[in-house]
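**Student:** From the sequence below, what's the structure:
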Amino acid sequence: MFICPVCGLKLNKSGNKYICDKNHSYDLARQGYVNLLPVSGKKSKFPGDNEVMSVARREFLNGGYYSPLKDKILQILSQNEIKTVVDSGCSEGYYTKAMAQTVENVYAFDISKTAVKIASAEDKKSNYFVASAFRIPIKDGSADCVTKIFAPDSPNEFARILNKNGKIIEVIPAEKHLLELKQKLYETVYLNKIERAVKEGFELEKEQILEYKFIPDPISRQNLFKMTPYYYKTNPEKRNSLLKEEKFPITAEFIIREYKKIEK
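**Tutor:** Numbering: from 1, shown residues only. Down below sits the predicted model:
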């Protein structure tokens with residue numbers, strides 16, 4: 001399944017390493033993941049989510065606030081009889097771990113080594129690796145499905161690693177997602193801009209909106225805040241004021257899209 005990120009040859013597992021025929025070697029970390037992100041693929045020393053964001057995301061998601069979304073994704077995977085899935089931009093592995101309970105072969109990656117380290121320490125069924133979505137070290141045509149949940153888009157790479165009947169399951173925030181949280185933080189609030197449902201090499205099969213409200217406790221609400229870009233754009237005074245707020249309902253609104261690979 002894995003290919004060498006340097007030369008593109010197949011990687012074979014040998015003990016605690018993956019090695020290609022040109023002797024490029026990649027060690028398995030103690031947690032069980034493998035780092036397949038070459039230095040040339042990094043735009044910074046520590047790309048992707050930092051530890052604060054990754055831990056906050058894990059704590060918030062483990063509270064079950066996004067369980068309806070998780071269940072919907074599992075339902076789609078089951079309906080399509082997916083056997084091999086690649087979770088692109090898996091972060092700390094909340095959705096990946098759930099997929100591994102129902103899907104036979106689960107591969108998951110993120111550009112954040114910190115996030116992958118957390119994910120692989122808690123989920124021993126999935127195959128985790130550090131990589132970029134724009135250069136995925138997976139062999140051509142080997143996956144039934146790619147999941148992209150609040151993650152960067154890379155349709156060309158997704159098309160390459162998917163088989164001829166392959167699917168993408170994509171989740172993006174809808175217009176009112178986290179609206180009430182933003183209203184507490186900013187004087188002027190804008191609705192989220194919606195990405196167009198166009199991917200080269202794919203046909204949109206289905207689009208649905210999942211919307212509901214949840215009421216997080218103050219700590220969970222702060223963790224939710226930390227896992228969004230808003231946290232780093234807000235001054236410390238505003239950040240702290242959010243902790244003092246009483247419980248209030250927040251809108252979760254997701255757009256779930258299913259794409260099918262177009263046969264050439």
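
**Student:** how about the helices in the stretch 151-264 of the chain?
**Tutor:** Taking DSSP state H, counting those that start in this stretch as the test, the helices found in the stretch 151-264 of the chain are 155-161, 179-185, 218-226, 236-244.

**Student:** Just put those in a markdown table and tack on mean neighbour count and mean pLDDT.
**Tutor:** (C-beta placed from N, C-alpha, C; glycine too.) Shown next, in a markdown table, are those (neighbours: other CB atoms under 10 Å; pLDDT from 0 to 100):
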| stretch | mean neighbour count | mean pLDDT |
| --- | --- | --- |
| helix 155-161 | 19 | 98 |
| helix 179-185 | 17 | 93 |
| helix 218-226 | 20 | 93 |
| helix 236-244 | 11 | 84 |
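
**Student:** Could you dump the ones you listed into JSON lines with distance to Arg257 added?
**Tutor:** Putting the helices of the stretch 151-264 of the chain into JSON lines (distance: least, CB to CB, whole Å) gives the following:
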{"stretch": "helix 155-161", "distance to Arg257": "12"}
{"stretch": "helix 179-185", "distance to Arg257": "21"}
{"stretch": "helix 218-226", "distance to Arg257": "23"}
{"stretch": "helix 236-244", "distance to Arg257": "31"}
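
**Student:** nearest to Ser142, of the ones you listed?
**Tutor:** helix 155-161 (6.1 Å; CB to CB).

**Student:** For the chain, give me the ranges with low pLDDT.
**Tutor:** 40-46 (pLDDT under 70).

**Student:** which residue ranges form the strands in the protein?
**Tutor:** Taking DSSP state E, the strands of the chain run over residues 12-14, 17-19, 25-27, 34-35, 84-88, 105-110, 127-130, 143-149, 162-173, 202-214, 250-261.

**Student:** among those, which is nearest Tyr232?
**Tutor:** It's strand 162-173; of the strands of the chain, that one is closest to Tyr232 (CB to CB) at 17.1 Å.

**Student:** Give me the sheet partners of that closest one and which way each runs.
**Tutor:** Neighbouring strands of strand 162-173 in its sheet, by DSSP bridges, are strand 143-149 (parallel), strand 250-261 (antiparallel).

**Student:** can those strands go into CSV with extra columns for distance to Glu122?
**Tutor:** Listed next are the strands paired with strand 162-173 as CSV, based on distance: least, CB to CB, whole Å:
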stretch, distance to Glu122
strand 143-149, 17
strand 250-261, 23
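
**Student:** ranking these by burial, who's on top?
**Tutor:** Across these, averaging neighbours per residue (mean count of other CB atoms under 10 Å) puts strand 143-149 on top, at a mean of 24.
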